[in-house]
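Asks: Return a 3D structure for these sequence lines:
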Amino acid sequence: MIYIYAAMLLSKAGQKVDEASVKKVLEAASVKADEARVKALVAALDGVNIDEAIEKAQELKAEKQRKQKTQRKRQQKRRKAKSRQLQD
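Replies: Numbers count the residues shown, from 1 in each chain. So this is what the prediction gives:
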C-alpha cells in the first residue's frame with residue numbers, strides 16, 4: 001500500500017507519477033524501494049487519472065451502501081409482515 005500512497009501523494013501535489021518520483025517519496029519515508037514494484041505501479045497507473053479513479057470508487061461505494069440499506073429495509077419489512085402473520 002505504501003507504493004500506492006506514494007503515487008497518490010505525488011498526484012495530489014500535482015507531480016508526475018514516474019519511477020524516480022515514487023522512489024524519492026519512498027526514500028523520504030525511509031522505505032527501501034523495490035525496483036520491480038515501482039515499475040509495476042508506474043506501468044499500472046499509466047494513463048490513469050488518480051483523482052478521477054478515487055472519485056469513481058467513492059461513488060461506487062456510496063451506491064453499494066445505498067443498495068445495502070434498501071435491502072435491509074426490505075428484509076425488516078418482510079420480517080415484520082411474517083411476524084404479524086404468525087401472530088394472527
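
Asks: The helix or strand bottoming out on mean pLDDT in the chain packs against which elements?
Replies: Sorted by mean pLDDT, DSSP states H and E, the helices and strands of the chain end with helix 50-87, the least confident at a mean of 92. On a contact count with 3 or more Cβ pairs under 8 Å, 6 or more residues apart in numbering; DSSP states H and E, helix 50-87 meets helix 2-12. Yep, even glycine has a C-beta here, placed from its N, CA and C like the rest.

Asks: how far out from the middle of the chain is the helix it packs on?
Replies: Distance of helix 2-12 from the chain centroid (Cα atoms, centre = their mean, to the nearest Å) equals 13 Å.

Asks: again, but for stretch 79-88
Replies: Stretch 79-88 has its C-alpha centroid displaced from the chain centroid by 41 Å (Cα atoms, centre = their mean).

Asks: Over to stretch 73-85?
Replies: Centroid separation between stretch 73-85 and its chain, computed with Cα atoms, centre = their mean, is 35 Å.

Asks: Pull out the CA atoms of it and give them to me as PDB.
Replies: Backbone C-alpha positions of stretch 73-85 (Å, rounded to 0.1, in the frame of the first residue of the first chain) are rendered in PDB as follows:
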ATOM      1  CA  LYS A  73     -35.200  -2.100   5.000                       C
ATOM      2  CA  ARG A  74     -36.900  -4.700   2.700                       C
ATOM      3  CA  GLN A  75     -35.800  -7.500   5.000                       C
ATOM      4  CA  GLN A  76     -37.100  -5.700   8.000                       C
ATOM      5  CA  LYS A  77     -40.500  -5.200   6.400                       C
ATOM      6  CA  ARG A  78     -40.700  -8.900   5.400                       C
ATOM      7  CA  ARG A  79     -39.800  -9.900   9.000                       C
ATOM      8  CA  LYS A  80     -42.500  -7.600  10.400                       C
ATOM      9  CA  ALA A  81     -45.100  -8.900   7.900                       C
ATOM     10  CA  LYS A  82     -44.100 -12.500   8.700                       C
ATOM     11  CA  SER A  83     -44.300 -11.800  12.400                       C
ATOM     12  CA  ARG A  84     -47.800 -10.300  12.000                       C
ATOM     13  CA  GLN A  85     -48.900 -13.400  10.100                       C
END
